[in-house]
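**Q** Need the 3D shape of this:
(one chain, ligands or ions: 1)
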Amino acid sequence: MIAVRNATQGDRDDILSFCANTFSWGDYIEQVWDLWLHDSQGKLFVAETEGKKVGLAHVAACPDSKDTWLEGVRVHPSHRRSGLASALLGRMLEFGEEKGATRALAIVAKNNAASQRMMERNGFSAISEWAYYSTGDRIDKRSSNARLASADELDAILEYLEASRIYELSAKTYVKAWHWYALDHASLKALVSEGRVVISGTPVAGMAVLNRRGYWNRKNILQIVYLDSQDEKVLGNLLAFATNLYLDEKYERLHVLCQQDEKMTSIIEGLEIQESEQFLLYSKVLNS
Ligand SMILES: CC(C)(COP(=O)(O)OP(=O)(O)OC[C@H]1O[C@@H](n2cnc3c(N)ncnc32)[C@H](O)[C@@H]1OP(=O)(O)O)[C@@H](O)C(=O)NCCC(=O)NCCS
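**A** Numbers count the residues shown, from 1 in each chain. Modelled structure (predicted):
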């Protein structure tokens, strides 16, 4: 018999005892436990069977959109293939529906076949393929004609995006603290006003969205969280803008999250890369 309930602080050690070496690189649950437990937009769930705490998952409502975000599904290795993850997913989907969400989204590493099967078995389909890079220290300053977009360029950017194949392939999303959010008129307007949208060319021939504040407890990381151009020179200018900012403001790392597109990934791979991974964005329509 499986029971899914809200997590409490008392669950921490039991859960972390099987969430330390989940992947070849370890796991990140310890870093996010407090954030997730106290998340006012979401819920942290624990799954139990026979009185043992053997599963975990976090769900969050995406502010300003009809999406709900699912993450951190973990099942104790001795209790897998007994429906625990499916029970957690079911509870998270209920949460999304209670909040009036029309879509549930989640990200799965491309090399995680078990999780991909789990998502598909629970009615999700992959809608977009993303690449993540963490660059090394050997980056040089380069000249760039890219610039921060101003509010009066918003319509031109939207026009560019509407015609962009990359935007379509990105499922019209960008990344915020490892959540994928809708990149639409409202979010783009806010991003432009926060000085986070970089463009190149007149008319606009490419754009990037920056995150200057890192995520979780890793605040000194600069991220490109959306990248879009089919022109190599434009991509070079957008990347140079970000790398110059990384050097000038002495960030600890530069991350790039972008569509798994050959032209874009090959130009990024020209930088010194320390880590890279590919992800699939999964989606399921909800009956709210
Ligand atoms: C992926 C994971 C959460 C699945 O948990 P689980 O409780 O075993 O999943 P369920 O029992 O609910 O499985 C549901 C379906 O998913 C698929 N599935 C799950 N594990 C699988 C595996 N190892 N290989 C192939 N398919 C698998 C099957 O279709 C399964 O249905 P079935 O058992 O009737 O065939 C678990 O293996 C785990 O914790 N892995 C490490 C952490 C991780 O990868 N989390 C997801 C990050 S996105």
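**Q** how far out from the middle of the chain is the helix or strand of the chain with the lowest mean pLDDT?
**A** For the chain, counting by mean pLDDT, DSSP states H and E, helix 262-268 ranks last in confidence among helices and strands (a mean of 89). Computed by C-alpha atoms, centre = their mean, to the nearest Å, the separation of helix 262-268 from the middle of its chain amounts to 19 Å.
**Q** Adjacent strands (with direction) for whichever helix or strand comes after that helix?
**A** Counting by DSSP states H and E, the next helix or strand C-terminal to helix 262-268 is strand 273-285. Strand pairing for strand 273-285, determined by DSSP bridges: strand 103-109 (antiparallel), strand 125-135 (antiparallel).
**Q** Could you look over those strands and pick the most buried one?
**A** Among the strands paired with strand 273-285, strand 103-109 has the highest mean neighbour count (mean count of other C-beta atoms under 10 Å), at a mean of 21. In short, each C-beta sits where N, CA and C put it, glycine included.
**Q** Beyond whatever helix or strand residue 58 lives in, next helix or strand please.
**A** Assigned by DSSP H and E, residue 58 falls within strand 52-61. Next helix or strand after strand 52-61 toward the C-terminus (DSSP H and E): strand 67-75.
**Q** helices or strands up against the following helix or strand past that next one?
**A** Following strand 67-75 in sequence order, the next helix or strand is helix 84-98 (DSSP H and E). With contacts taken as 3 or more C-beta pairs under 8 Å, 6 or more residues apart in numbering; DSSP states H and E, helix 84-98 sits against strand 2-6, strand 42-49, strand 52-61, strand 67-75, strand 103-109, helix 113-121.
**Q** now stretch 142-158, how far from the chain's geometric center?
**A** Distance of stretch 142-158 from the chain centroid (C-alpha atoms, centre = their mean) equals 23 Å.
**Q** Then stretch 123-130?
**A** 13 Å.
**Q** Can you tell me what sits against it?
**A** Identification of contacts with stretch 123-130 by C-beta atoms under 8 Å, 6 or more residues apart in numbering yields 104, 106-107, 110, 116, 119, 169-171, 173, 175, 180, 257-260, 278-284.
**Q** what do you get if the cut-off is 7 Å, keeping everything else the same?
**A** Residues outside stretch 123-130 that contact it (C-beta atoms under 7 Å, 6 or more residues apart in numbering) are 106, 169-171, 173, 257-260, 278-284.
**Q** Are it and the ligand in contact anywhere?
**A** No: remark: stretch 123-130 sits outside contact range of the ligand, by C-beta under 6 Å from any ligand atom, the gap being at least 10.9 Å.
**Q** what does stretch 281-288 give?
**A** No: under the criterion of C-beta under 6 Å from any ligand atom, the ligand is not reached by stretch 281-288; the shortest gap measures 8.8 Å.
**Q** Other residues contacting that stretch?
**A** Counting by C-beta under 7 Å, 6+ apart, 93, 96-97, 100-108, 119, 123-128, 130, 171, 173, 180 sit against stretch 281-288.
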